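Engineer: I'd like to go over a predicted model; first the sequence, then the structure.
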Amino acid sequence: MIIEYTRYRIGPDRRAAFEQAYGAAERYLKASPHCLGYELSHCTEEPERYVLRIEWVSLEDHLQRFRHEAGFSEFFSLVRPFVSDIEEMQHYRATEIAGPGGAPPRTAE
C-alpha cells in the first residue's frame, strides 16, 4: 500500500468551493479499484490548511492506472482549480509502527 498526502493552503473565500469540489470528486475515488480509502482533513489551528490522504494499492496504481481510468478527467476537472494551492504532494509507505491508542472508541463529533 502507498499513501499519498497532499497538503493544501486554501483561503477563506474558497474553502466552501474546495470542499464541494472534493465532495463531488470522491465518487471517482470510491469507484476506483486502485483506491483503498481516502480522507480530507481540515486544520483547526490554521484553518487555511487541508490535508488529503489517499491510500493506493501501489504507486503504479495511482500514477498509471487511476490516471488512465475513464473517470479521471472528470475527477481532475473538479479539483484542477485548486492545484496551484498545493504545498506538497508526496507518496509514503507505512511502517510497522502503528496501532490503536488507549482511549475507548468514540462516536463522531
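Structural biologist: Nice, thanks for sending it over. The structure presented is a predicted model; accordingly, all values stated were derived computationally and were not measured.
Engineer: Could you look up the SS state of residue 50?
Structural biologist: Using DSSP: H, G, I helix; E, B strand; the rest coil, the secondary structure recorded for residue 50 is strand.
Engineer: what does residue 47 give?
Structural biologist: Put simply, residue 47 is coil when judged by three-state DSSP.
Engineer: what sits against it?
Structural biologist: Residues near residue 47 by C-beta atoms under 8 Å, 6 or more residues apart in numbering: 12, 15. The way it works is simple: take the backbone N, C-alpha and C, and place the C-beta from them, glycine included.
Engineer: Flag every buried residue along the lengthiest helix in the chain.
Structural biologist: Across the chain, the longest stretch assigned as helix under DSSP state H is helix 15-31. By 16 or more other C-beta atoms under 10 Å, the buried positions in helix 15-31 come out as 18, 21-22, 25, 28-29.
Engineer: can I get these in a markdown table with distance to residue 37 and pLDDT?
Structural biologist: A markdown table is the format used below for the buried residues of helix 15-31 (distance: C-beta to C-beta, whole Å; pLDDT from 0 to 100):
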| residue | distance to residue 37 | pLDDT |
| --- | --- | --- |
| 18 | 20 | 98 |
| 21 | 19 | 98 |
| 22 | 14 | 98 |
| 25 | 15 | 97 |
| 28 | 14 | 97 |
| 29 | 8 | 97 |
